[in-house]
Each structure stands twice: as structure tokens, then as C-alpha cells.
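Q: 3D model of this:
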Amino acid sequence: MYTPAIIFKDDKLKIIDQTLLPARLVYLEIPDIATCIEAIKTLKVRGAPAIGICAAYGLFIAARSLSDKTYNEFVHYMDTDAALLFGSRPTAVNLGWAIERIRLIYQTRADLPVSQIINLIRAESIHIHEEDIQACTDMGYHGLKIVSNPCNILTHCNTGSLATGGWGTALGVIYAAQKEGYDIHVYVDETRPVGQGARLTFWELMQNDIPCTLITDSMAGSLMKAKKIDLILFGADRIAANGDVANKIGSYSLAALASFHKIPCYAVAPFSTFDLSLLSGDLIEIELRKSQEILHIYGYNDNLSEFADVYNPAFDVTPAELLSGIITEQGIISQPIAKHILSFIE
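A: Now for the predicted structure:
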């Protein structure tokens with residue numbers, strides 16, 4: 001049903017270069033940690049779960065090149081690579097979550113030969129990938145509980161197979177609905193300035209024969225007012241302990257409009273996206289990206305970026321009270337979200 005964004009086969013890692021979509025579908029091999037970091041920074045691979053999976057495999061590739069090192073040397077080089085990888089994108093919590101799972105292996109197994117530690121890192125990387133595939137399936141079917149039939153769904157950014165290890169988070173709910181025979185139609189937000197909705201989600205849905213309509217971000221409110229939207233679904237890059245959700249810029253606006261128009265609005269994310277160390281979304285670091293991402297849309301040259309005043313946050317934070325709930329692989333966290341998050345974890 002879906003095109004995998006990440007393929008790990010014969011100990012080689014390949015990703016879809018998402019900067020080339022929709023014009024070209026190209027798999028890019030990741031031969032070393034530097035290429036992995038560059039792919040994450042430049043959005044060749046993107047989406048919180050996919051970034052975490054890619055990071056885990058990237059650390060395995062790094063580890064494999066250190067097989068001739070002593071244990072102390074191995075840990076030193078791995079920690080250096082992990083720190084560089086961690087800094088590649090600050091908002092998506094899955095990146096740090098996956099790195100810490102790999103670090104826990106090599107930092108606590110001084111009793112083993114380096115070759116065996118490398119094998120354990122490989123196994124953990126595959127396990128992280130397989131966990132996400134299952135989580136995507138589970139989120140999709142849990143999400144069916146809030147999908148009417150028929151249903152017009154509005155989605156933002158890209159939350160499908162290009163952003164995860166499986167069929168997706170928010171798009172996974174849509175794929176599950178399609179598989180179960182629901183009569184669904186999807187409005188796809190363009191998602192400026194990089195256009196993940198227009199370039200990636202619209203492409204994914206058309207590849208899977210799901211009825212969809214592409215709109216610019218500023219059209220969403222008019223569709224809600226016209227009662228053409230039954231449900232809003234988007235993903236998450238980091239969720240605070242109180243249920244505040246950091247997601248692609250524009251998500252907050254959709255949630256606020258949905259609240260005004262009394263349209264159900266859900267974030268869809270696995271528990272690996274939750275960061276319970278942060279009490280609220282106010283503490284989430286928001287990545288600021290280069291001005292060229294906006295200026296290039298309108299034909300400005302690179303010289304202007306040196307002195308032009310451009311504000312380009314990659315994410316915003318939706319307060320939990322604006323959401324109807326959060327769909328996870330363990331079920332739906334309903335309002336009051338902060339209280340119910342704790343009950344899910346306990």
C-alpha cells in the first residue's frame with residue numbers, strides 16, 4: 001500500500017531523497033554518519049519517527065567502521081558522532097530518543113568485545129524500525145474510532161510512509177480507513193514554505209488512489225466555515241507532559257480554527273514522540289530554518305538572505321486544550337489530556 005521511505009537491507013541503509021519529490025523517486029544510500037547527518041539537516045529524510053529510525057541506523061553504520069578500535073576508543077568516537085547527530089534537528093524528540101537507545105547499549109557493555117557491541121547496535125536499530133511499523137498500524141486502527149463514514153479529513157504537512165517506518169501517523173488513520181472501505185476524502189494543506197503537503201502528502205495519497213484535494217494553507221478556514229471539513233488530523237514532533245503538541249508550523253492555526261468551528265482535531269503520534277521531561281510546550285525548542293526556504297519561493301536570490309529580515313520557524317506549539325485528543329499506538333488520549341497521559345503511562 002505504501003512506499004517505504006527507509007530501507008535497510010544487507011546492512012546497507014537507503015532513504016528516499018524527499019527533496020526530489022514529486023518529480024523524481026530516488027533512493028539515496030547512506031554510507032557514513034556524515035551523510036546521515038546531512039540528510040537529516042537538509043530534509044532528505046524528515047518526519048519525527050523517520051528521523052529517529054535513520055539516526056539509529058546511522059549510528060550502526062558509524063559503529064561498523066570502528067570495529068578495530070578498543071572499547072574506550074569506540075565509545076569516544078561513538079559519543080562524538082552521537083552528539084553531532086543529536087544537533088542536526090532540535091525539535092523532533094524521536095531523534096534523541098533513538099540515539100539514547102543506541103548509546104545505552106555501547107555505554108553499558110564494556111564486558112563485550114567491540115564486534116559483539118556492534119551486532120547489538122544493529123539489532124536495536126532494526127528493532128526501533130520494526131516497533132515503528134507496528135506502532136503505525138496500531139495508531140491507524142485506533143484512529144478509526146473517531147472517523148465517520150463518509151468523512152472529509154483535513155491534514156497538514158506529511159505524516160505518511162515518507163515520515164515514518166510504516167504507513168504513517170495521521171495518514172496511517174486515513175490508510176486504515178481506506179483499507180476498511182470507508183468513504184473518505186482528504187483536503188491536503190500545501191504546508192508552506194517547504195510544501196511537504198503539496199510535494200509529499202498529495203503525492204502519497206494519489207499513489208494510493210485516495211480521493212484528495214490540494215489547498216493552500218490560507219484556505220483551510222474557509223472550508224471549515226463552509227462545513228466541508230469533518231475531521232482534522234496532524235502529526236507531532238514533540239509532545240510535552242501536559243499534552244501540548246509541537247508540530248509543523250501552521251498546526252496551531254488549524255487547531256484554533258477547528259476549536260472555533262467545533263470540528264474535532266487530533267494529533268497522531270507514537271509514545272516515542274512524548275517528552276515527559278517538559279512540563280509544557282513553552283519549553284520546547286523550536287527550530288529556526290534558513291531564510292532561503294521562503295525567499296526562493298518568490299524568486300529572490302541568495303544575496304538578499306544576508307540582510308533580509310525573514311522569520312522562518314519550522315514548528316509551532318498547539319496547546320492541549322485546543323485538541324480533541326491524541327491518537328497513540330496504545331489508544332486515544334482524550335480530554336483532559338494531561339491527566340490521561342499519566343494514566344496511559346502508569
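Q: From here on, just use CA atoms for contacts and neighbour counts.
A: Noted.
Q: the helices in the protein, which residues?
A: Applying DSSP state H to the chain gives helices spanning 33-41, 48-64, 71-86, 93-107, 114-143, 170-179, 196, 202-207, 220-225, 251-261, 292-295, 337-345.
Q: you'd agree residue 293 is up against residue 299?
A: No - using C-alpha atoms under 8 Å, residue 293 is not in contact with residue 299; the gap is 10.8 Å.
Q: Compare these two (neighbour count), which wins?
A: residue 293 (15 against 9; other C-alpha atoms under 10 Å).
Q: Next up, the contacts around the more buried one.
A: When contacts are counted by C-alpha atoms under 8 Å, 6 or more residues apart in numbering, residue 293 touches 193-194.
Q: Kindly report the same for residue 163.
A: Residues near residue 163 by C-alpha under 8 Å, 6+ apart: 5, 45-51.
Q: farthest-separated two in those residues?
A: Between any two of those, the greatest separation by C-alpha to C-alpha is 12.7 Å, found for 5 and 48.
Q: Got the domain ranges for the chain?
A: According to automatic domain parsing, the chain comprises the domains 6-137, 145-345.
Q: Let me have the ones you listed in CSV, extended by mean pLDDT.
A: Compiled in CSV, the domains of the chain are given as follows (pLDDT from 0 to 100):
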stretch, mean pLDDT
domain 6-137, 97
domain 145-345, 96
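Q: Excluding chain neighbours, give the residue nearest to residue 37 in space.
A: residue 85 (5.7 Å; C-alpha to C-alpha, 6 or more residues apart in numbering).
Q: how much space between that neighbour and residue 261?
A: In this structure, residue 85 and residue 261 are 41 Å apart, going by C-alpha to C-alpha, to the nearest Å.
Q: Compare these two (neighbour count), which wins?
A: residue 85 (24 against 15).
Q: Just to check, the more buried one is in contact with residue 55?
A: Yes - contact status for residue 85 versus residue 55: in contact at 7.1 Å, counting by C-alpha under 8 Å.
Q: on that earlier part again, compare the helices of the chain and report which one is nearest to residue 278.
A: Per C-alpha to C-alpha, nearest to residue 278 of those: helix 93-107, 11.1 Å.
Q: Buried ones in the closest one, by neighbour count?
A: In terms of neighbour count (16 or more other C-alpha atoms under 10 Å), helix 93-107 has its buried residues at 93-99, 102-103, 106-107.
Q: do stretch 338-346 as well
A: Neighbour-count burial for stretch 338-346 [16+ other C-alpha under 10 Å]: 338, 340-341.
Q: who are the neighbours in contact with residue 78?
A: By C-alpha under 8 Å, 6+ apart, the neighbours of residue 78 are 59, 62-63.
Q: now, among the residues you listed, which is nearest to residue 246?
A: Nearest to residue 246 among these is residue 59, at 25.9 Å by C-alpha to C-alpha.
Q: ok, that closest one - contacts?
A: With C-alpha under 8 Å, 6+ apart, residue 59 has these contacts: 33, 78, 81-82, 99, 102, 121.
Q: I'd like to know how many residues surround residue 111.
A: Applying other C-alpha under 10 Å, we find 8 residues neighbouring residue 111.
Q: That one and residue 80, how far apart?
A: Residue 111 is 21 Å from residue 80, by C-alpha to C-alpha.
Q: Now do the strands in the stretch 201-346 of the chain.
A: Secondary structure of the stretch 201-346 of the chain (DSSP state E, counting those that start in this stretch): strands located at 212-215, 231-234, 238-240, 245-248, 265-268, 274-275, 315-318, 325-328, 331-334.
Q: Which residues does the second one contact?
A: Right, strand 231-234. Here strand 231-234 makes contact (C-alpha under 8 Å, 6+ apart) with 147, 151-157, 159, 170, 247, 251, 258, 263-268.
Q: one more time with 7 Å, if that's ok
A: Contacts with strand 231-234, where a contact means C-alpha atoms under 7 Å, 6 or more residues apart in numbering, come from 152-156, 170, 263-268.
Q: How about the last one?
A: The list of residues contacting strand 331-334 from outside it, by C-alpha under 7 Å, 6+ apart, reads 142, 324-327, 340-341.
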